[in-house]
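*Asks:* fold the following.
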Amino acid sequence: MQQDMENTTENTAEKKGTNKKFIIILSALILFGGGYGGYKYVQSQSHETTDDAQVEKNMSPIIPRVGGYIASVYVKDNDFVKKGDTLFTIESQDYQIRVEEAEAAVAAAESSFDVSKADVSASSANVAISDATIQSNAGSIEAAVIRANQANNDYIRYQNLYNNQSITKQQYEQALTGKLEADKQVEILQQQRNASASQRHAIVSKTTVASKQTSVAEANVKRAKAQLDAAKLNLSYTAVLASVDGQVSNIKVQPGQMINPGQSLFYIVDNRETWVVANFKETQLQKMKPGQKVGIKVSAYPNVEFEGEVNSFSPATGSRFSLLPPDNATGNFVKTVQRLPVKIKLTNENTAEHIALLRPGMNADVDVLVR
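*Replies:* So this is what the prediction gives:
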């Protein structure tokens with residue numbers, strides 16, 4: 001009986017001890033939870049956070065401007081390259097032949113242009129000769145007209161003298177012959193002048209045609225040179241160069257592979273600029289504005305804290321840029337909190353060594369100090 005009482009006393013004491021421990025633990029949890037809740041509440045008044053954020057960099061796609069078979073590839077997966085480095089080359093024989101054809105076309109067009117210019121020069125010279133001939137004929141006609149008038153006056157005088165029988169018939173006939181010869185000379189010179197004028201008109205027409213042909217030939221030369229420039233440009237495109245400094249992605253081309261112009265082959269990740277895009281809920285944006293300080297934690301490197309600042313806000317929510325944006329005007333409307341992409345720029349306080357660790361697409365947690 002006494003032993004049973006002792007056991008009961010021990011059990012009661014043990015229960016009291018257990019209850020006391022439970023109360024202490026529960027009180028500690030309540031205090032810790034209340035303190036943490038109070039801290040989060042106070043923090044929420046001056047901070048906006050989200051874990052829906054990713055690291056971003058410029059990714060330049062490698063897109064050939066001409067098609068053909070790959071001749072050589074000079075880079076491997078994940079290589080670092082400098083701007084202007086040759087990434088791969090395309091077989092250039094076809095493009096070299098096109099350059100030679102264009103060069104021959106330029107030579108032919110220039111020859112045609114030279115011939116046209118020579119024709120214009122010859123026609124211009126002929127016009128000048130014709131003008132000189134017409135001018136000379138004009139002087140000859142003027143002199144012939146004077147002589148014809150003189151001969152006609154002499155004939156009239158000799159005719160009167162002959163009618164009065166003051167001169168012989170031979171003298172009269174000589175005066176008549178002189179008049180007829182002078183008139184005939186005037187007529188011949190006038191016919192020559194008309195012929196020269198007609199010839200000049202024909203030469204002028206030919207010169208006009210030659211001038212137009214020269215303009216056409218000059219245009220053909222310009223077109224041939226433009227085609228030559230295009231052929232040389234396409235030939236230069238057979239060497240595909242790096243457009244920026246950066247790191248290439250996995251290489252998906254091999255020698256002998258056929259590629260087409262405009263085909264995206266792989267990427268160069270530009271390491272010069274890094275930023276974070278955080279997708280905040282629309283209810284978090286009221287106090288946010290550009291220039292606010294941001295703390296950034298990247299999931300891959302939890303022990304490194306990056307510093308940034310709010311740079312800009314997207315002009316529309318992320319859903320609006322999707323392939324099939326939602327249309328709330330049809331069907332049953334369910335209000336969904338939308339997210340707006342916010343660009344966060346890394347500041348100069350971050351070391352280059354740490355920034356070099358970041359890769360596009362890495363997940364990040366951001367904390368914006370809104371006060």
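*Asks:* now do the SS call for Lys289.
*Replies:* coil (DSSP: H, G, I helix; E, B strand; the rest coil).
*Asks:* any idea how far it is from Thr283?
*Replies:* 16 Å (Cβ to Cβ, to the nearest Å). Where you see a C-beta, it was placed from the backbone N, CA and C, and this is true even at glycine.
*Asks:* also Val366?
*Replies:* Val366 is 16 Å from Thr283, by Cβ to Cβ.
*Asks:* more neighbours: which of the two?
*Replies:* A direct count of neighbours by other Cβ atoms under 10 Å for Val366 and Thr283 places Val366 higher, at 25 against 9.
*Asks:* so that one sits in a strand?
*Replies:* Yes - the assignment for Val366, made by three-state DSSP, places it in a strand.
*Asks:* contacts only, for it.
*Replies:* Going by Cβ atoms under 8 Å, 6 or more residues apart in numbering, Val366 touches 49-50, 53, 276, 278, 294-297, 308, 344.
*Asks:* tell me the pLDDT at it?
*Replies:* If you check Val366, the pLDDT there is 94.
*Asks:* and Val277, helix, strand or coil?
*Replies:* strand.
*Asks:* residue contacts, it?
*Replies:* Contacts of Val277 (Cβ under 8 Å, 6+ apart): 53-54, 56, 341-344.
*Asks:* stretch 288-298 spans what distance, first to last residue?
*Replies:* 21 Å (Cα to Cα, to the nearest Å).
*Asks:* residues making contact with it?
*Replies:* So stretch 288-298 is contacted by 48, 53, 55, 276, 280, 304-313, 342, 344, 346, 357-358, 362-370 (Cβ under 8 Å, 6+ apart).
*Asks:* can you tell me the average pLDDT over it?
*Replies:* 93.
*Asks:* okay, now the unreliable bits of the stretch 1-150 of the chain?
*Replies:* 1-17, 19, 35-45, 117-144, 148 (pLDDT under 70).
*Asks:* apply 80 and report the result again.
*Replies:* Low-confidence segments of the stretch 1-150 of the chain (pLDDT under 80): 1-46, 112-150.
*Asks:* quick one: the strands in it, in order.
*Replies:* Taking DSSP state E, counting those that start in this stretch as the criterion, the stretch 1-150 of the chain contains strands spanning 47-62, 68-73, 80-81, 86-90.
*Asks:* how about those in TSV, adding distance to Asn153 and mean neighbour count?
*Replies:* Below are the strands of the stretch 1-150 of the chain laid out as TSV (distance: least, Cβ to Cβ, whole Å; neighbours: other Cβ atoms under 10 Å):
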stretch	distance to Asn153	mean neighbour count
strand 47-62	101	18
strand 68-73	94	16
strand 80-81	104	16
strand 86-90	95	20
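*Asks:* residues of stretch 351-358 that come out buried?
*Replies:* For stretch 351-358, the neighbour count (16 or more other Cβ atoms under 10 Å) marks Leu358 as buried.
*Asks:* using CSV, write down the CA coordinates of it.
*Replies:* This file holds the C-alpha atoms of stretch 351-358, laid out as CSV (Å, rounded to 0.1, in the frame of the first residue of the first chain):
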residue,chain,number,x,y,z
THR,A,351,32.3,42.9,-57.6
ALA,A,352,33.0,41.7,-61.1
GLU,A,353,33.9,38.3,-59.7
HIS,A,354,30.4,37.9,-58.2
ILE,A,355,28.6,39.2,-61.3
ALA,A,356,30.5,36.7,-63.5
LEU,A,357,28.9,33.9,-61.5
LEU,A,358,25.5,34.9,-62.7
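*Asks:* what mean pLDDT does that stretch get?
*Replies:* Mean predicted confidence for stretch 351-358 is 88.
*Asks:* residues contacting that stretch, please?
*Replies:* Counting by Cβ under 8 Å, 6+ apart, 55, 57, 271, 274, 298, 300-301, 304, 306, 346 sit against stretch 351-358.
*Asks:* how far does stretch 60-68 stretch from one end to the other?
*Replies:* 21 Å.
*Asks:* ok, residues contacting that stretch?
*Replies:* In contact with stretch 60-68 (Cβ under 8 Å, 6+ apart) are residues 87, 90-92, 94-95, 234, 237-238, 240, 243-244, 246, 248, 258-268, 270.
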